[in-house]
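Asker: would you be able to build a 3D model of this:
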Amino acid sequence: MADKLAFELVSPDRLLMSVEADSVAMPGMEGDFGVMPGHAPLMSALRAGVIQVEGGGEGPDRIYIAGGFAEVAADRLTVLAEEAIVVDDMDRADLEQRVAEANDELSGAAEGEERRLAEGKVGVLQEMLGAAR
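Answerer: Predicted coordinates for the structure are as follows:
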């Protein structure tokens, strides 16, 4: 069994991270889970949340994703993220402003699709703000 896991984080426009890690924890749709070298193969949908990379070297160790998919093999993990932001690069003041604006949009949203989209936007921004703390 290998002592490191090859981890790649890919967004729609680029490869964001490629490191050898001891373990990676991520927000699965069915609950948070971790991957270490030798993990059983699986594919999982990911919800919005923070990926925590342990032992990955000099790169970022906490990355917020807005959802995506994870593919696990015994010696590698690939995450295809809808959007990814390094947690240390997040601006709390900007996020707080965006949450306030999204809540204003939600309060004025009509029922149905418009309201569902506004609720989703508020939820994602609140999740991002929680990750930035």
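
Asker: show me what the longest helix belonging to the chain is packed up against.
Answerer: Ranked by number of residues, the top helix in the chain under DSSP state H is helix 113-132. Helix 113-132 is packed against strand 42-54, strand 62-73, helix 92-107, with contacts defined by 3 or more C-beta pairs under 8 Å, 6 or more residues apart in numbering; DSSP states H and E. Every C-beta, even on glycine, is put in place using the N, C-alpha and C of the backbone.

Asker: got the buried residues for the last one?
Answerer: Spelled out, that is helix 92-107. Neighbour-count burial for helix 92-107 flags Leu95, Arg98, Val99, Ala102, Leu106 (criterion: 16 or more other C-beta atoms under 10 Å).

Asker: and what of the second one?
Answerer: Buried residues in strand 62-73, counted by 16+ other C-beta under 10 Å: Ile63, Tyr64, Ile65, Ala66, Gly67, Gly68, Ala70, Val72.
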